[in-house]
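A.B. asks: coordinates for the following, if possible.
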Amino acid sequence: MNGSRYRLGVVMDPIESIQPKKDSTFAMLLAAQRLDWEIVYFLQQDLAIRDGVAQGAGRHLTVADHPERWFELGGQWSGELGALDVILMRKDPPFDMEYIYTTYILGLAEQRGALVVNTPSSLREINEKACTSWFPQCAPPSLIARSEAELRAFLDEQGKVVFKPLDGMGGRSIFVVDGNDINASVIIETLTGYGTRFVLAQRHVPEIVQGDKRILLIDGVPIDYALARIPAPGESRGNLVMGATGEGRALTERDRWICNEIGPTLVQHGVTFAGIDVIGDYLTEINVTSPTGIRELDREYGIDIARQLMLAIRNKLVNREPAA
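C.D. replies: Next up is the predicted model:
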């Protein structure tokens, strides 16, 4: 801690490329700045390990809630990442080996004292598609496999399924297939790379037409409202980047039950901030890398989710500090 002021590092995509009106990482940075925290900005290429010590060469950052001039980079910052009070890992997928290598670096920073949100181990362990299998009581019937025969049998059994790559985001390469689709074999071959890659198959949930609900959780506790992403006409994907329309909804009893089922496990694994996806009555994904939806819900309901998150992080930091 730098005097009475916390120093926050953020690892993210290039800040000049974000859409500040929609970007949840940007909302977090605004909230941190309002709390008078110092912000240091990093890209993945700014991180390194030297003789077992995680290091970074970033820039001081100031943000502003302005549609055209939303950031200003300041002077250089370089040093041991463990000297930062908290590091937000907000790099968007793909979840590839470079992403995993980055979590190794952040894991060393964590060992040297930085609070990493979410923890590097949780980012590696909780695949956003596969980890729904931890909670079969919440999810639709599903199968993770790379065998065409197994996937075809599951399709025949369920009648209509959704096929997803395990490493995608934003609705990319998601297929809705029924048993009569003459392209089913081609889709399976393409997604699995002729049996060399695992994919997730889930029974199609027809309530997708009413929206794919993004529910945000802080320390396992849900925000009271979900962002329902309603597919565009002629679309089956509830993703804003694919043209879906966002609409706020109060959580249902079933939504809260799902959150109660998974929240304690997320906390146990070191997840401070998560975004789960619920279609109808079913959990379909658990997002821990860079969940979004903050700014849309804030605008609709007049809340400040990022501030709630930063206060939860501050509480963790305070509880870690030795008594005076």
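
A.B. asks: counting neighbours, which bits of the host helix or strand of Lys164 end up buried?
C.D. replies: For Lys164, the element it lies in under DSSP states H and E is strand 160-165. Neighbour-count burial for strand 160-165, counted by 16 or more other CB atoms under 10 Å, picks out Val161, Val162, Phe163, Lys164, Pro165. From N, CA and C alone the C-beta is placed, and that goes for glycine too.

A.B. asks: quick check: bridge partners of the first one?
C.D. replies: Residues found in beta-bridge contact with Val161 (criterion: DSSP bridges) are Val177, Arg203.

A.B. asks: what about the stretch 101-250 of the chain, any weak spots by pLDDT?
C.D. replies: Applying pLDDT under 70 to the stretch 101-250 of the chain picks out residues 169-171, 233-243.

A.B. asks: hmm, try it at 50
C.D. replies: Nowhere does the stretch 101-250 of the chain drop to pLDDT under 50.

A.B. asks: sorry, back to before: just give me the closest of the buried residues of strand 160-165 to Ile276.
C.D. replies: Nearest to Ile276 among these, counting by CB to CB, is Lys164 at 15.2 Å.

A.B. asks: wait, the closest one sits on Val177?
C.D. replies: No: here Lys164 does not reach Val177: they are 11.3 Å apart, not a contact under CB atoms under 8 Å.

A.B. asks: what about Glu207, how many neighbours?
C.D. replies: 14 (other CB atoms under 10 Å).

A.B. asks: quick check, it in contact with Thr284.
C.D. replies: No: the criterion here is CB under 8 Å, and Glu207 misses it with Thr284 at 10.8 Å.

A.B. asks: in the stretch 1-150 of the chain, which spans are helices?
C.D. replies: 24-34, 97-111, 120-125, 148-158 (DSSP state H, counting those that start in this stretch).

A.B. asks: send the alpha carbons of the second one over as PDB?
C.D. replies: So the one you mean is helix 97-111. What follows is helix 97-111, C-alpha atoms only, in PDB (Å, rounded to 0.1, in the frame of the first residue of the first chain):
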ATOM      1  CA  MET A  97      -1.700 -20.800 -23.900                       C
ATOM      2  CA  GLU A  98      -0.600 -17.100 -23.800                       C
ATOM      3  CA  TYR A  99      -3.500 -16.500 -21.400                       C
ATOM      4  CA  ILE A 100      -2.400 -19.400 -19.200                       C
ATOM      5  CA  TYR A 101       1.200 -18.200 -19.200                       C
ATOM      6  CA  THR A 102      -0.100 -14.800 -18.000                       C
ATOM      7  CA  THR A 103      -1.800 -16.500 -15.100                       C
ATOM      8  CA  TYR A 104       1.600 -18.100 -14.200                       C
ATOM      9  CA  ILE A 105       3.100 -14.600 -14.000                       C
ATOM     10  CA  LEU A 106       0.200 -13.300 -11.900                       C
ATOM     11  CA  GLY A 107       0.400 -16.300  -9.700                       C
ATOM     12  CA  LEU A 108       4.000 -15.300  -8.700                       C
ATOM     13  CA  ALA A 109       2.700 -11.800  -8.100                       C
ATOM     14  CA  GLU A 110       0.000 -13.300  -5.800                       C
ATOM     15  CA  GLN A 111       2.700 -15.200  -3.900                       C
END
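
A.B. asks: and that helix, what does it pack onto?
C.D. replies: strand 47-50, strand 53-63, strand 86-89, strand 115-117, helix 120-125 (3 or more CB pairs under 8 Å, 6 or more residues apart in numbering; DSSP states H and E).
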